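K.L.:
Sequence and predicted structure are below.
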Amino acid sequence: MPGGRFLIKSKLYENPVKVAYTPYTVFIIQSRHLVKHGPGRVNSHEYLIGFCPAPQFKRYLSVLNSGYAGDTALAAMDNACWPWLTKGVTLKKTKWWEAGEDPKEIIKESVIGTEVADPTAANGIFESLQTSAVDDKPEEEYDSDDDDLAYDIALVEGAKQELKAKAKALKKAGASTASVLAVRALPFVPEQVLASLKGHIQKRKPLTDQQFEYVSDKPKLRDYSKYISHLPAPSYKKFIPKLSDPNLEDPAFIEGALAGTIYQLRKHYIPTLEKERFWIPLVAVTLPTRPLARVVSRLVKALPRGLPYYASMPVEDRKCKLSYPSRILNLRLIRMKSLTVQVAERLAGFFGGFPGIRFDPNLPGRGVNGILLQAPLTEEQRRITVLLSNSYPRVEEEISLYNSESRVKFAVGAMDELGNALDPSLDIAQDEEGDLEVEATEGDKGTTDGNDG
């Protein structure tokens, strides 16, 4: 029942559902392993941000780490850098010696001395110290990552320089300004780049007709993912799919006819999710109502003025595969902490509180026509619980920062990978029945606003 000008104009609105005024949890869930992205992006962690009823949070985590997960979560797991599938991050080797010098002799002299008593022992020490060793490639070549991003970047940069040289030559030849600008405006993918990429792409084995038929059948792939998954909750027993294709029940068919496809990949990693979860809760904030949770989950996806987290970094810094993931993680944690503190202070009455906020669908908003201003909000209406992942290295420091930066004290603690609070007093009883009511998207994608009243 809104007030103000809506009441004066005799507008009638349907009251929101009662469940909107029960505790909801806003979460940031992080992938355990790095995820491969498209050309121009380094491998980094993927994030899922959203909200759900507080009693359903643990069940949602269980569903997310199974074949019952949504397409977004499964796509991230398909492109993950699984330890058994890809090699780890490799540092670019540095040539630290001068031209004409022998790095082996330099290491021997600096570690053992100029007089070497046992050359065999010296060779062993040299091999153990050769961690940032020789890079005999010419300087104009690029060091390539697992996904060949550096190779692609080299081609594009070379195309840019070629266009720039052509424009400069035209200008020296006395061509008009319009002609020079037209050359500079050409796309940075000329024929020589496409020709270079063509040989690179041909290394990938093309799909057979049978493989293409199976991979393009999304419902069949979705049913197979559920079929090989453990049951995330007892209520999911009735959702065990019956495969329409008996071939998918044969492991030899997956490893043979569908080898190298997404079917074989999911056959390997989905059964492991029960013991080692891929999606880990980074932070979970339980708020008193759904409207508050919806707003916080929308605002936490970007910086205060709507700038995406990655856009706040220089382009050069975004290509650093060592620092970029950790910087994105810290920006998300700082943003969530800032929003949580602001909500807690306003619920306590600072800055005039939230005008029009309500906790009962049958009552008007607080402050409408002076209603409900005679007393502060109750403790239950102001209750906020924050849980941080105990796998985060600085979890104790982060917990202390929540209360030290706020003028209002609220419950802060740690949780495990299953979403269980390490402090039993902060744990929330879970609902294992009923349909999940979750709204979640990838970390840098927005959602449409709802109308909770």
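P.N.:
Nice, I can see it.
K.L.:
Quick one: low-confidence residue ranges for the stretch 51-200 of the chain.
P.N.:
86-97, 106-160, 178-200 (pLDDT under 70).
K.L.:
mind running it again at 80?
P.N.:
Along the stretch 51-200 of the chain, segments meeting pLDDT under 80 span 84-167, 170-171, 174-200.
K.L.:
Setting the sequence-adjacent residues aside, check what's closest to His33.
P.N.:
Take His33 and drop its neighbours on the chain: the residue closest to it by Cβ to Cβ, 6 or more residues apart in numbering is Ala80, 4.7 Å away. All C-beta atoms are positioned from the backbone trio N, CA, C, and that covers glycine.
K.L.:
The one you found bridge partners, please.
P.N.:
When assigned by DSSP bridges, Ala80 has beta-bridge partners Val35.
K.L.:
Over to Leu48: give its phi and psi.
P.N.:
phi -120, psi 130 (degrees, to the nearest 10).
K.L.:
Nearest residue to it in space, please, no chain neighbours.
P.N.:
Setting aside the residues directly before and after it, Leu48 is nearest to Ile29 in space (Cβ to Cβ, 6+ apart), at 4.4 Å.
K.L.:
other SSEs contacting the helix or strand where that neighbour lies?
P.N.:
According to DSSP states H and E, Ile29 maps onto strand 24-31. Helices and strands touching strand 24-31, by 3 or more Cβ pairs under 8 Å, 6 or more residues apart in numbering; DSSP states H and E, are strand 47-53, helix 57-64, strand 279-287, helix 290-299, helix 324-347.
K.L.:
Name the next helix or strand downstream of the last one, please.
P.N.:
For helix 324-347, the succeeding helix or strand toward the C-terminus, using DSSP H and E, is strand 385-389.
K.L.:
Tell me the neighbouring strands of that next one, and mark each as parallel or antiparallel.
P.N.:
Within its sheet, strand 385-389 is paired with strand 279-287 (antiparallel), strand 411-415 (parallel), according to DSSP bridges.
K.L.:
now the last one, how far from the chain's geometric center?
P.N.:
Pointing back at strand 411-415 there. Between the centre of strand 411-415 and the centre of its chain there are 22 Å (Cα atoms, centre = their mean, to the nearest Å).
K.L.:
what does the first one give?
P.N.:
In this view, strand 279-287 has its centroid 13 Å away from the chain centroid, taken as Cα atoms, centre = their mean.
K.L.:
Tell me what angle it forms with helix 324-347.
P.N.:
Inter-element angle recorded for strand 279-287 and helix 324-347: 20 degrees (by axes from the mean of the first three to the mean of the last three Cα atoms, to 10 degrees).
K.L.:
Need the contact partners of strand 279-287.
P.N.:
Contact with strand 279-287 is made by 23-32, 47-48, 54, 57, 61, 64-65, 69, 73, 293, 296, 329, 332-333, 336, 340, 343, 383-389, 391-392, 415, 417, 419, 428, as judged by Cβ atoms under 8 Å, 6 or more residues apart in numbering.
K.L.:
for stretch 397-416, same thing?
P.N.:
Stretch 397-416 is contacted by residues 281, 284, 333, 337, 340-341, 344-345, 347-348, 350, 382-390, 392, 395, 421-423, 425-426 when judged by Cβ under 8 Å, 6+ apart.
K.L.:
Mark which of those are buried, thanks.
P.N.:
For the contacts of stretch 397-416, a neighbour count by 16 or more other Cβ atoms under 10 Å gives the buried set as 281, 284, 333, 337, 340-341, 344, 347-348, 382-389, 392, 395, 421, 426.
K.L.:
tally of neighbours for Val295?
P.N.:
20 (other Cβ atoms under 10 Å).
K.L.:
Use 17 as the first number for this chain going forward.
P.N.:
From this message on, residue numbering opens at 17, which makes the last subject Val311.
K.L.:
measure stretch 269-281 end to end?
P.N.:
End-to-end distance of stretch 269-281 (Cα to Cα, to the nearest Å): 13 Å.
K.L.:
Thanks a lot, see you next time.
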